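Visitor: Task: produce atomic coordinates for the following.
(chains A and B)
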Amino acid sequence: MFRRLAVAAAVSVFAVASAHAACSYENKVPLKSLSAGFEAWKAVTSTMAECGNFRAELDQDFAQKQPAALAAKPALYQIGGVATESIVALLQDGTIRPLDEFVAKYGQNLQPNQLIKIDGKVMAVAMMVNAQHLVYREDIFKDLGIEVPKTYDEVLEAAAKIKDAGVVKYPLGGTFKTGWNLGEEFVNMYLGFGGSFFGDGNVAAVNNAEGVKTLEMLKALSRYMDPEFLVSDSTTVQQQLQQGTVAMANLWASRAGAMDDPAESKVVGKINVAAAPAAVPGAKPATTIWWDGVTIAKNISDEEADAAFRLVMHGLSEDMVKANNDAAVWLVKGYEPGKLAAGAFASAEAGAPAYPASPALGLLHTAFGNHVPDFLTGKRTAEQTLADIEAEYAIAAKEKGLIK
Amino acid sequence: MNPRTFYAFVSPSLLLMVVFIALPLASVFVQSFQVTQQVYQQVTVETCTPGFLTQNCVQETRSQAVLDEHGRPVVETRFVGLDNYRTLLQPMAVAKAIGSGEFSDILSIDFYKALRFTLTFTFVTLPLVLAFGLLVAVAVNTIAKRVRGPVIFVTLLPFIITPVIGALSIRWLFVGDGIMTAALEHLMGHDIAVFANGWAIEALMMFYRVWHVTPFAFVIFYAGLQTLDIDTLESAIVDGASRFERLRYVVVPHLRPLIVFVALIHLMDAYRVFEEVVGFSSQAYRISLQWLTYDFLIPDNSGNRSIARASASSMLTMIGIVILLVPLLRQAWRDHRVKR
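Guide: Reported below is the predicted structural model:
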């Protein structure tokens, strides 16, 4: 017994020692971070932990906790992992600090497009991008002689062919879960049709031809999906693809890697990715680009902020990316895009816009997610649905103070 | 016990009730008449986000929160009277819908959609819980004493399960190709999608609640049955009363106060239905009043939340419960007076 304990102790001491060895310096300032919990964040935070004195909290509900945690004095976390949408709340509350001086001091290895600049100041350092794009069964497409669809009309044609062939249970998968997921589908498609969200003074303007076309396209797509599409989130769609029950889906790039994981996928090697389809032939892909990155809290001492940024730079090092190349579509130097990253690249190259996050769009996104189901289930007409969306947004925006 | 001792004993619990129930309630009451807003200004800023190789930089005019000299957002709180209640209840839209005879328009307003479901849920589950509870209690009371203990234990199990966990387990039996759906498909020979139908989800939610709460009714009624006067029951048998007549004229009148009690508790619980909505993720088809409050309160990913409407909505929920309970409370009070 004692011998086993001694061996265990020796091993753990060795592990700590070797962990320290991977870091070029020893971190003396106690630091904490709060971020999302997916693979890429695990990779970055465990690399940061190599320098010592660092504790990471990985939580998929980070966006709900962060505003209050960083508004505390002193802030409960020095380092905040954020995404396109959640940085909006921190900027509104003024709880994160500009990073320009630290970038100059420690950021020699950063790529210029990693710097998230707001009004000329660097407010965050991005580490990866994510986007929804086409994930499809290459084998089925080849067997049936279907070209990779470039537009959503072609997606519908391909879906009809696959349905007639009867090779899978449902031709399409979709992240149509009521709430945020369905809201995101609407945003993507609406931008794809060339719509714009707001008129003058933050008033929502979505009850228009583009809005109707968006709703009708979403409904047309939903007819080829599992009838339970309104409870289908990214994980459901990922599993549908892995289990071979659907032949294609517009799915997040961060989920593509799991298709080739033999432990959970029945379709290893049969999946390929392509740019998100366009809503209108020749237009930009109907998707939005999202980024994940790091911010530093304002309500902490300058010394802590300095140490925090230095530690983040170690977390975003070339070595980390080399060891975790397929965990994400990294923006960090040293990244070699794999086969399943091609969809995100192709979408971005074809001009897919960044998600235009703002407090107003946050409210509108919620309204989309709440009301689009009424149209898909046939309870309301397209015009009624869009009017409901504008009405809900108007109430929320007025209460928030965004419109008079 | 003299009053001083009495107050000495109850004061800690009174104090805690004031701090954790009365004060928050008062605060919610006040907030339901207020709106707290950040102050915004229109600014033109250049925002740069990652593209590949180059950055996407856009010039745009957007609303930005005004920060004070300490870097905190400037907020202002205004008294708005009944505005929050008005945005929830939308009396104008309701009047218009009634005027034009389009009653389905009323149910597209969140509050009424939630109210419709909450009331249906409450009043459908109430008689079922009472009936099944009574049935199980009478049944257990007639089986051999030797096996009664284990039977009671097994009967209580559904009540011990955490509500959200129970709801999730039932959901997994039916969602997609869950084993129950697969079995039904096998029996009926065609494809079934339980979670694509509002009524199916609603029925499942009610089934779950009845399954979950029946043991509570059972245990109360079973305790009541132990105090049943055997002589009355035996003389009823001598008089030739059937099994049903004995239940109707002897057992139920004896259990009456307990039935009122269980009904009270169940009305209060069922009107606050929430776990089912989350567990069955029924938001697309069915929402409840309590879920509506939660939805207002939980911030979206951009940090927006609506405390004002959440306060108004929870006040309305409380008013609803009080209205539901008044007849039963009056009944209980009358019974109490008669006994004295």
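
Visitor: show me the contacts for the nearest residue to residue A:204 once chain neighbours are set aside.
Guide: Using C-beta to C-beta, 6 or more residues apart in numbering or on different chains and skipping residues adjacent in sequence, the residue nearest residue A:204 is residue A:393, 4.4 Å away. (C-beta placed from N, C-alpha, C; glycine too.) Residue A:393 is in contact with A:204, A:363-364, A:367, counting by C-beta atoms under 8 Å, 6 or more residues apart in numbering or on different chains.

Visitor: did I read that right, residue A:393 in a strand?
Guide: No - with DSSP: H, G, I helix; E, B strand; the rest coil as the criterion, residue A:393 is assigned helix and is not in a strand.

Visitor: number of nearby residues for residue A:360?
Guide: 26 (other C-beta atoms under 10 Å in any protein chain shown).

Visitor: tell me which strands and helices the helix or strand it falls within is in contact with?
Guide: Using DSSP states H and E, residue A:360 sits within helix A:359-376. On a contact count with 3 or more C-beta pairs under 8 Å, 6 or more residues apart in numbering or on different chains; DSSP states H and E, helix A:359-376 meets helix A:86-93, helix A:180-192, helix A:209-222, helix A:382-400.

Visitor: number of nearby residues for residue B:328?
Guide: Neighbours around residue B:328, by other C-beta under 10 Å: 15.

Visitor: Quick check: nearest residue in space to it, chain neighbours excluded?
Guide: Nearest non-adjacent residue to residue B:328 (C-beta to C-beta, 6+ apart): residue B:264, at 5.2 Å.

Visitor: how close does residue A:206 sit to chain B?
Guide: 17 Å (C-beta to the nearest C-beta, to the nearest Å).

Visitor: Tell me what residue B:34 is bridged to.
Guide: residue B:79 (DSSP bridges).

Visitor: For it, give me the pLDDT.
Guide: What the model reports as pLDDT for residue B:34 is 91.

Visitor: cool, and residue B:108?
Guide: Reading off the model, residue B:108 has pLDDT 83.

Visitor: In what element of secondary structure is it found?
Guide: Counting by DSSP H and E, residue B:108 is part of no helix or strand.

Visitor: Isn't it up against residue A:374?
Guide: Yes - counting by C-beta atoms under 8 Å, residue B:108 touches residue A:374, with 6.7 Å between them.

Visitor: where do the contact lists of the two overlap?
Guide: Taking C-beta under 8 Å, 6+ apart as the contact rule, residue B:108 and residue A:374 both touch A:380, A:384, A:388.

Visitor: quick one: which of the contacts of residue A:393 is nearest to residue A:333?
Guide: Set against residue A:333, the nearest of these by C-beta to C-beta is residue A:364 (36.5 Å).

Visitor: Tell me who's in contact with the closest one.
Guide: A:197-198, A:204, A:206, A:389, A:393.

Visitor: Put together a markdown table for those residues, with pLDDT on each row.
Guide: Formatted as a markdown table, the contacts of residue A:364 follow (pLDDT from 0 to 100):
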| residue | pLDDT |
| --- | --- |
| A:197 | 95 |
| A:198 | 93 |
| A:204 | 93 |
| A:206 | 95 |
| A:389 | 95 |
| A:393 | 94 |
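
Visitor: Can you name the two of these that sit furthest apart?
Guide: A:198 and A:389 (12.7 Å).

Visitor: Looking at these two, which is more packed in?
Guide: A direct count of neighbours by other C-beta under 10 Å for residue A:198 and residue A:389 places residue A:389 higher, at 27 against 20.

Visitor: how close does that one get to chain B?
Guide: Counting by C-beta to the nearest C-beta, the gap from residue A:389 to chain B is 12 Å.

Visitor: Mind listing residues that contact the helix or strand harbouring residue A:345?
Guide: Assigned by DSSP H and E, residue A:345 belongs to helix A:342-349. Here helix A:342-349 makes contact (C-beta under 8 Å, 6+ apart) with A:129-131, A:133-135, A:253, A:256, A:273-276, A:285, A:287, A:289, A:329, A:337, B:51-52.

Visitor: For the residue in the stretch 251-400 of chain A that chain B sits nearest to, which residues are in contact?
Guide: Nearest residue of the stretch 251-400 of chain A to chain B: residue A:362, at 2.8 Å (C-beta to the nearest C-beta). By C-beta under 8 Å, 6+ apart, residue A:362 lies in contact with A:85, A:88, B:300-304.
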